[in-house]
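*Asks:* Mind looking at a prediction? Sequence and model below.
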Amino acid sequence: MRSFRVGAAVVDLSAGTVEREGAVHELTPIEVKLLAYLAARPGVVVPREELLSEVWGYREGVRSRTIDSTCLRLRNKLERAPADPMHLRVVYGRGLRLDGVESVAAAASIDRFVGRAAALEAVSDALRAGQRLVTVWGPAGAGKSRLLAELLARLPTSSATVGCGAVRDARNLDEAVLAALGLAGAGPVPSLGGVLAQRGALLLALDECEQATGPIGERVARWLAEAPRLQVVATSRTALGLPGERRVELGPLEPDEAAELFADRARSRDPALSDQLQRAAIDPIVDAVDRLPLGIELAAARVHLLGLGGLREELGPARGGPLELLDGMAELLERSFAALSDADRRALCAAACFEAPFSLDDLAATAELSRQDALARTASLVDRSLLQVVADGDQRRFRPYAVVRDRARRELGAEERLRHARWFARLGEPELLEHTRLSPAVRSQWWDAAPELRAAFELVLPLDPAVACRCGLALLWRMTYAGPIDEGLALGERLAALPQQARPPHVDVVLSRARATLTEMAADPRGALALLEPALALLPALEPSARVLLHCARAICRIRVGDSEGA
């Protein structure tokens, strides 16, 4: 539950703000975590020891007064009368309790709902058709909770909303459901399924289920069996995996929807920006956050501080990417990473090496996995909404979301980088580049690998110049077909300056031909002839096919300079 009301205050955990009576108060990261934990269990007394462990991360047995000081600061932001609090209550000798938390639906009218019309209609239609369990499934920041709020605001069905972000086991879930039904503190309930059955037609909304899909799935299956008129709609980054579950996936917004959402939120922060909110200015910003609603909202919340140009710069790779700026996304990602197995974590780090969508074979080589294991790890990461599936004709490729990639790269070591570079360095073997008749599969792979070759060259140049040389050579050869010429000429100079042990003689031949080709393309045939001389000096040691290619290249250049007889 990322937005909710507490009395006169509106809490937006994603933006890290509390708005009360026209004033906006910024929340510190620890205040956000504390409010999120308490709001997930409204009306329930949470022991101090549990808060110190789950919110502050202290080890068991540590005693601290930090809860009291944080509570005092929060009351000044939440309460009309901080000295006589009505909502954030200390229960002497027991712990802390947050009262008066309104459902997500009650807070849904805070901002305009933008996009997701098709997904909202799909969930509504499924429930109207009698579907018992619908899971709104997607990555962190896809707007699942916001869509749930809009759904509950529009449906006439009696509903109860449960924030499951703090749920870790069945007991936590039971307590949270009882609180949502207004039965907190009523004592033990013989059968919660029986209680739900007595409510008749009821829609139970379970928000943020990804931290405990096992216990939640087990309980939901039991309740649906015991309460025949119960319907459940859940939001999660991981599906519950129950029979009959209908999944509605949320991915990136459509480009028009993403631009509209950013413009709407940016205007609300800085009305003076209205004239500057053109698609050419907006699209790079929303693309940098994968067109995910939370990333767009967090970026728009900073536009009044940075301006559009400054915001684009801050979201770029030179400044650390979106993860450095959007701390609300970072908090959600840490939970996803903490839930990963070691095998999935290693595979995700390998996936973060790639600049463009990758294949199963690419991942298998970079992560040192069999193809079967690469498929299993990819399936697991897709199910956890950490990898996207990208259609490539009748094939499928994969890529992590931008913020996921940036977070995973913090754990990347030199070995993963080298494996990634060695896999693509095979495209720079001179024997392959000298072939004039490449198979369509090899040519396609070589052609599409430019982003990986460019990144691999830069990253492994200090680690293994020989591998970097082969990556650079493959990229250079591709540029002789499609440019850009200036970049190719600069790359050729860098390759020629590498130590001789990184570029043996057979590499020099291909390098000279490629540099000469680019120079000739740049309308400098005399310079191209000069670049061919080092390769021509190696003619006696070359294979006949290589000699023919060099003679042809020299002849073409001589024609260009008007030396037809020499040609």
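*Replies:* Perfect, thanks for sending it. Numbers count the residues shown, from 1 in each chain.

*Asks:* who touches the residue positioned nearest the centre of the chain in this structure?
*Replies:* Central residue of the chain (CA atoms, centre = their mean): residue 401, 3.0 Å from the mean position. Contacts for residue 401 (CB atoms under 8 Å, 6 or more residues apart in numbering) come out as 139, 290, 292, 386, 388. For glycine as for every other residue, the C-beta is placed from the backbone atoms N, C-alpha and C.

*Asks:* now the residues you listed as CSV including pLDDT, secondary structure and distance to residue 484?
*Replies:* Shown next, in CSV, are those (pLDDT from 0 to 100; DSSP: H, G, I helix; E, B strand; the rest coil; distance: CB to CB, whole Å):
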residue, pLDDT, secondary structure, distance to residue 484
139, 90, coil, 34
290, 89, coil, 27
292, 90, coil, 31
386, 91, coil, 34
388, 91, strand, 28
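
*Asks:* If residue 9 is in a bridge, with which residues?
*Replies:* On the basis of DSSP bridges, residue 9 is bridged to residue 6, residue 20.

*Asks:* who are the neighbours in contact with it?
*Replies:* Residue 9 sits next to 18, 19, 20, 77, 78, 79, 87 when contact means CB under 8 Å, 6+ apart.

*Asks:* For residue 374, what is the enclosing helix or strand?
*Replies:* Applying DSSP states H and E as the criterion places residue 374 in helix 371-383.

*Asks:* Can you give me the buried ones in that helix?
*Replies:* Neighbour counts over helix 371-383 (16 or more other CB atoms under 10 Å) mark 373, 374, 377, 378, 380, 381 as buried.

*Asks:* In space, what's closest to the fourth one - neighbours in sequence excluded?
*Replies:* When you say that, I think you mean residue 378. Nearest non-adjacent residue to residue 378, counting by CB to CB, 6 or more residues apart in numbering: residue 398, 5.9 Å away.

*Asks:* how much space between that neighbour and residue 363?
*Replies:* Relative to residue 363, residue 398 is positioned 7 Å away (criterion: CB to CB, to the nearest Å).

*Asks:* what does residue 229 give?
*Replies:* In terms of CB to CB, residue 229 sits 46 Å off from residue 363.

*Asks:* With neighbour numbers in mind, choose between the two.
*Replies:* For residue 229 versus residue 363, neighbours defined as other CB atoms under 10 Å are more numerous around residue 363 (27 against 11).

*Asks:* mind listing the strands for the stretch 101-250 of the chain?
*Replies:* 133-137, 159-163, 202-207, 230-236, 246-249 (DSSP state E, counting those that start in this stretch).

*Asks:* what is the rounded mean pLDDT of the third one?
*Replies:* It refers to strand 202-207. The average pLDDT for strand 202-207 rounds to 92.

*Asks:* just the angle between it and strand 133-137, please?
*Replies:* If you take axes from the mean of the first three to the mean of the last three CA atoms, to 10 degrees, strand 202-207 sits at 20 degrees to strand 133-137.

*Asks:* Name the strands paired with strand 202-207 and say parallel or antiparallel.
*Replies:* Strand pairing for strand 202-207, using DSSP bridges, gives strand 159-163 (parallel), strand 230-236 (parallel).

*Asks:* Including distance to residue 369 and mean neighbour count, could those strands go into TSV?
*Replies:* Output for the strands paired with strand 202-207, formatted as TSV (distance: least, CB to CB, whole Å; neighbours: other CB atoms under 10 Å):
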stretch	distance to residue 369	mean neighbour count
strand 159-163	37	23
strand 230-236	27	25
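
*Asks:* looking at the ones you listed, which is closest to residue 5?
*Replies:* Among those, the nearest to residue 5 by CB to CB is strand 159-163 (12.4 Å).
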